[in-house]
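K.L.:
Pasting the sequence and the predicted model now:
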Amino acid sequence: MKIDMGMIGSSAAGCGPIAADAEAWGFDGVWASESVTDAFLQSQAALLTTERVSVGTAIAVAFARNPMSVAYLAWDLAAMSGGRFVLGLGSQIQAHVERRFSMEWSSPVDRMRDFLLALDAIFTSWRDGTRLDHRGRHYQHTLMTPVFTPHHHSHRIPTMIAAVGARMTELGGELCDGLLLHGMTTTAYLDQVTLPAVDRGLAASGRHRDALELYVPLFLVMGDTEAEIAESAARTREQIAFYASTPAYSAVLASVGYENLQPELRNLSREGRWAEMGDLIDERLFNEIALVGTPEQMPGLCGERFGGRIDRVSSYFGWPTEDPDRLRAIVAAFADPVPTTA
């Protein structure tokens, strides 16, 4: 199992030092996240300070852009990094696409399929010198002249998409190199919904499971004392409640028998009663989603729950970094995790 470092909430200026530290500590990859700034700017900053780790966007909002603008960015980042860049795209939700980005919204799975096919057509045109002629339902790219063709390189650009529902997951299994799954998940949901959809997508493209990487930023509740764990657990409960209040995760809740919780949390969020929402995440639901223990226990806990299901993980809220040698040992343990019950 690979172990990555997420950079959610970091500025582009802050990503360089974070990525350099992650590489020094032995992490396999770092992920830029489009929260407070542009994910491509974060990626560039991370690539400039590293030499080994993969650097990807998890996510860049696809529907806030168009395939050509994304293709130019991804092409240059792949070139400057010697092929270490991973293009991770997400649809976001309708309210943000329309009201934050002022862009058009339509069926996200259909639009994402067209977006991915358009990207492939653009990359093929640049790589092989063939005529650009993508005519999709949502995107049409039919003009590429030599003056606007970027410098040639042979680096492949792995593409991943964020997915929760079965249809988007199946699309990723069919057309992508990987899936950016969400930490708001359960093993029941993975086994009942996610992994069967992955298999259907792979079958549609005639590929096997080893052709696809599955990544999840996990809710790892860590501490060396009961007080530290309690503090981390409270923050995690609030985050789980935030996600659980949205309809997109209702099926995840239903997978472990909490289908009636989402409307209750949604109503509290609409009333602005955010402080009360975390209290509704009881111990059983909390432990279906989060992993709890010391930092040293996390490789074994992740291996027990997600081994054979997930290929690479990160910690949603980061890692304790006061002792670099300690963190290096923990990171190294993910390569061959020892079960905590051993």
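P.N.:
Structure's in. What do you need? Bear in mind the structure is a predicted one, so any value in this text is a computation, not a measurement. Numbering: from 1, shown residues only.
K.L.:
How many residues are close by residue 270?
P.N.:
9 (other Cβ atoms under 10 Å). For every residue, glycine as well, the C-beta is placed using N, CA and C.
K.L.:
residues touching residue 72, list them.
P.N.:
Contacts for residue 72 (Cβ atoms under 8 Å, 6 or more residues apart in numbering) come out as residue 150.
K.L.:
residues of stretch 85-99 that come out buried?
P.N.:
85, 86, 87, 88, 89, 90, 91, 92, 97 (16 or more other Cβ atoms under 10 Å).
K.L.:
next structured bit after the host helix or strand of residue 277?
P.N.:
For residue 277, the enclosing helix or strand under DSSP states H and E is helix 274-277. Toward the C-terminus, helix 274-277 is succeeded by helix 283-289 as the next helix or strand (DSSP H and E).
K.L.:
The helix holding residue 277 - contacts with which helices or strands?
P.N.:
Packing partners of helix 274-277 (3 or more Cβ pairs under 8 Å, 6 or more residues apart in numbering; DSSP states H and E): helix 226-244, helix 261-270.
K.L.:
Compile the ones you listed into JSON lines and extend it with columns for mean pLDDT.
P.N.:
JSON lines is the format used below for these (pLDDT from 0 to 100):
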{"stretch": "helix 226-244", "mean pLDDT": "96"}
{"stretch": "helix 261-270", "mean pLDDT": "94"}
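K.L.:
would you list those helices in TSV and tack on distance to residue 58?
P.N.:
TSV is the format used below for the helices and strands packed on helix 274-277 (distance: least, Cβ to Cβ, whole Å):
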stretch	distance to residue 58
helix 226-244	16
helix 261-270	24
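K.L.:
what residue lies at the spatial centre of the protein?
P.N.:
residue 180 (3.6 Å; Cα atoms, centre = their mean).
K.L.:
Quick check: can you list the domain ranges of this structure?
P.N.:
2-221+295-333, 225-293 (automatic domain parsing).
K.L.:
picking up where we left off before, contacting residues around the helix holding residue 277?
P.N.:
Counting by Cβ under 8 Å, 6+ apart, 238, 241, 242, 245, 265, 268, 269 sit against helix 274-277.
K.L.:
Neighbour-wise, give me the winner out of these.
P.N.:
residue 265 (25 neighbours).
K.L.:
How much space separates it from residue 39?
P.N.:
Between residue 265 and residue 39 the computed distance is 28 Å (Cβ to Cβ, to the nearest Å).
K.L.:
Can you get me the start-to-end distance on stretch 48-56?
P.N.:
13 Å (Cα to Cα, to the nearest Å).
K.L.:
Next, the residues that contact it from outside, please.
P.N.:
16-17, 19-20, 22-23, 27-32, 43, 46-47, 77, 80-81, 84-88, 158, 160.
K.L.:
Find me the pLDDT at residue 52, would you?
P.N.:
As predicted, residue 52 sits at a pLDDT of 98.
K.L.:
How about residue 274?
P.N.:
87.
K.L.:
how near is it to residue 140?
P.N.:
43 Å.
K.L.:
nearest residue to the residue nearest to the centre of the chain other than its sequence neighbours?
P.N.:
residue 162 (4.2 Å; Cβ to Cβ, 6 or more residues apart in numbering).
K.L.:
check contacts around the one you found.
P.N.:
Counted by Cβ under 8 Å, 6+ apart, residue 162 has contacts 58, 59, 88, 89, 90, 91, 168, 179, 180, 181, 182.
K.L.:
Now do the contacts for residue 41.
P.N.:
residue 12.
K.L.:
start at 596 instead
P.N.:
With the count now opening at 596, the last piece we talked about shows up as residue 636.
K.L.:
Would you confirm that it belongs to a strand?
P.N.:
No. Residue 636 is assigned helix when assessed by DSSP: H, G, I helix; E, B strand; the rest coil, not a strand.
K.L.:
Now do the residue nearest to residue 678 when sequence neighbours are not counted against residue 671, distance only.
P.N.:
Distances taken as Cβ to Cβ, 6+ apart place residue 750 nearest to residue 678, at 3.6 Å, with adjacent residues excluded. Residue 750 is 11 Å from residue 671, where distance means Cβ to Cβ.
K.L.:
again with residue 807
P.N.:
Taking Cβ to Cβ, one finds residue 807 at 26 Å from residue 671.
K.L.:
out of those two, which sits in the more crowded spot?
P.N.:
A side-by-side neighbour count of residue 807 and residue 671, using other Cβ under 10 Å, places residue 807 first with 21 against 16.
K.L.:
For that one, give me the backbone phi and psi.
P.N.:
Main-chain torsions, residue 807, degrees, to the nearest 10: phi -130, psi 130.
K.L.:
That one reaches residue 770, doesn't it?
P.N.:
No. The pair formed by residue 807 and residue 770 falls short of the contact definition of Cβ atoms under 8 Å, at 10.4 Å.
K.L.:
hmm, back to that, gap between the helix holding residue 872 and the chain center?
P.N.:
26 Å (Cα atoms, centre = their mean, to the nearest Å).
K.L.:
Equivalent analysis for stretch 706-722, please.
P.N.:
Distance, centroid of stretch 706-722 to centroid of chain: 20 Å (Cα atoms, centre = their mean).
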